[in-house]
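In: coords please:
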Amino acid sequence: MECLLSALNYQKYKWLICGDLKAIGLIQRLQGGYTKNLCSLCLWDSRTDDQHYVRHEWPSIQVLQPGSYKVVSHPLVELSKILLPPLHIKLGLMKNFAKTLYREGGEFAFLHQKFQRKSMEKIKAGIYDGPQMRELIKDASFDDALNPAGLSVWLSLKSVIANFLGNHRSAQYQKVVDELMENFCRLCACMLVKIHFLRSYRDYFPEICGDFSKEQRESFHQDLSVMEKCH
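Out: Residues are numbered from 1 along each chain as shown. The predicted structure is shown next:
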């Protein structure tokens with residue numbers, strides 16, 4: 001990653017960087033794998049499930065010092081130059097949502113019928129790409145396939161995408177996100193680090209998230225889907 005930034009002459013231009021969390025971890029030179037403190041902004045404990053929907057604030061990390069927490073070496077980019085990735089947060093929400101659904105419910109049969117090229121294992125794990133997620137959001141038939149509890153979460157999820165993670169930031173976006181967190185908590189959904197960012201660090205997202213949603217990567221996934229259908 002250091003060689004790549006050097007080839008791009010990053011120190012001269014110092015662009016804002018918005019990438020997936022693995023790429024951000026490499027840029028910040030953080031320890032990989034499943035560690036206790038997955039967040040690079042605070043000491044959020046990924047293993048204290050009973051605290052995730054109770055605590056809003058965790059001790060912040062002021063400086064990423066090598067040898068402290070999970071920092072391997074000096075970061076390659078200033079923290080102020082890094083933006084949280086809206087697309088990956090959306091996909092994380094979708095993954096969390098899928099895990100709240102009843103495994104033998106009709107919603108999985110609906111999803112398997114809709115995405116016939118996708119295995120049931122991936123469907124139940126909530127593994128989708130951007131185009132598939134947008135397609136599902138537009139399909140009102142999916143709403144009808146959900147049970148009341150699942151529908152509440154799904155409507156909240158769609159509202160967060162429309163009012164915060166898309167091309168528009170509503171004046172009520174804080175309330176919209178809080179409602180989604182409450183619905184996840186009600187169904188005892190596990191909190192991924194992506195959900196933690198959405199819960200505790202909304203100010204780190206771009207003002208208009210749609211400008212940083214990696215449309216190119218979504219198009220790439222769409223091209224792969226077309227190739228799969230042809231073969």
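
In: what's the spacing between the residue positioned nearest the centre of the chain and Phe110?
Out: For the chain, the residue nearest the mean C-alpha position is Ile89 (1.8 Å; C-alpha atoms, centre = their mean). Note on Ile89: its distance to Phe110, by C-beta to C-beta, to the nearest Å, is 25 Å. Any C-beta I mention is one placed from the backbone N, CA and C, and that applies to glycine too.

In: got it, and Tyr10?
Out: From Tyr10 over to Phe110 (counting by C-beta to C-beta), the distance is 46 Å.

In: Show me where the chain dips below the pLDDT cut-off.
Out: Counting by pLDDT under 70, the ranges of the chain that qualify are 33-34, 69, 104, 213-231.

In: For stretch 21-32, measure first residue to last.
Out: With C-alpha to C-alpha, to the nearest Å as the measure, the ends of stretch 21-32 fall 11 Å from one another.

In: Run through who's touching that stretch.
Out: Counting contacts by C-beta atoms under 8 Å, 6 or more residues apart in numbering, the residues outside stretch 21-32 that touch it are 1, 5, 17, 19, 40, 64, 66, 70-77, 79, 82, 85, 88, 193-194.

In: Now, of these, which are buried?
Out: Burial by neighbour count, 16 or more other C-beta atoms under 10 Å: within those this picks out 17, 19, 40, 64, 70-71, 75-77, 79, 82, 85, 88, 194.

In: Once you drop chain neighbours, what's closest to the residue nearest to the centre of the chain?
Out: Closest residue to Ile89 apart from its sequence neighbours, by C-beta to C-beta, 6 or more residues apart in numbering: Lys194 at 5.1 Å.

In: looking at this, the one you found is in a helix?
Out: Yes - the assignment for Lys194 by DSSP: H, G, I helix; E, B strand; the rest coil puts it in a helix.

In: surely it meets Leu93?
Out: Yes - the pair Lys194 and Leu93 qualifies as a contact (C-beta atoms under 8 Å) at a distance of 7.5 Å.
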